[in-house]
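Visitor: Please work out how this folds:
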Amino acid sequence: MLSDIADVQDISENGTDALSNMPRSQESLIVLRTKLILPETKGKIIERNRLLALLHDNKDKEIMLIIADAGYGKTTLISQWVNNIGCANVFYALSEEDSSLDLFLTHLIAGFEQLEQDFLKRTKELVTYNKELKNNIGTVMGTLVNELQDKCKKDYYIILDDYHAITESSVVHEALHYFIDHLPTKLHIIIASRVLPSFPALIKWRSKQRVFELGRQDLCFNSMEI
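Guide: Take a look at the predicted model:
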């Protein structure tokens, strides 16, 4: 039987033996579970009812882009909205190290496995044992698309927070572009970023009414919210 992708808990419980028992390709693919936890809204947080209503009205859009500088409350807004509607979601807080396609997909798979074990079994096998993912983007992402199309019987939201952290040269952009261009029927993707992702097909997606966008101007407090 294929071994599961290792996480930090495996190593803390089993020591260095856990590392020696991993397939060679897994040694650097440690899942940080804290990156997959939707932040709680703590303290006195202003309910952005105007923005929450906009998100609710556009919840059927396939692609939701929330683009603004640091401090505009992008993550807090997403947390409020997700908690309000109670949707099935995979939250992923990105950092520069996630520019590795192997690590990016490993965390994405782990996020779905928090909802259901072996949710993406075929894709997981490809990612775990394929040493040349960046040269097989169509195969890997196509497998992911097909598997999600088969498995997702209700709406799921993938939330990619701090997407600007992915380096400009990373193949993650190409892989995600392929994925969004062939997005499974019941899947939605929310991207929060300080800069607008430069997806080649963004203009096409907009023209097909697939995209909902909130920008800096939208996120500013108006006179009724202050």
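
Visitor: which residues of this protein fall in helices?
Guide: Assigned helices in the chain, in chain order: 8-14, 17-20, 49-57, 74-85, 101-113, 121-129, 137-151, 172-181, 202-207, 216-219 (criterion: DSSP state H).

Visitor: want to throw those into CSV with distance to Thr41, mean pLDDT and mean neighbour count?
Guide: The C-beta positions use only the backbone N, C-alpha and C, and glycine is treated the same way. What follows is the helices of the chain, written out as CSV (distance: least, Cβ to Cβ, whole Å; pLDDT from 0 to 100; neighbours: other Cβ atoms under 10 Å):
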stretch, distance to Thr41, mean pLDDT, mean neighbour count
helix 8-14, 26, 40, 12
helix 17-20, 35, 39, 12
helix 49-57, 12, 95, 14
helix 74-85, 5, 94, 18
helix 101-113, 20, 96, 22
helix 121-129, 32, 93, 18
helix 137-151, 28, 96, 18
helix 172-181, 27, 98, 20
helix 202-207, 30, 98, 14
helix 216-219, 16, 95, 13
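
Visitor: Please identify which of these is closest to Glu40.
Guide: With Cβ to Cβ as the criterion, Glu40 lies closest to helix 74-85 of the helices of the chain, at 7.0 Å.

Visitor: now for the closest one, which elements pack on it?
Guide: Contact here means 3 or more Cβ pairs under 8 Å, 6 or more residues apart in numbering; DSSP states H and E; on that basis helix 74-85 packs against helix 49-57, strand 63-67, strand 156-161, strand 187-193.

Visitor: thinking again about what came up before, so which of the helices of the chain is nearest Ile158?
Guide: Smallest distance to Ile158 across these (Cβ to Cβ): 7.4 Å, for helix 101-113.
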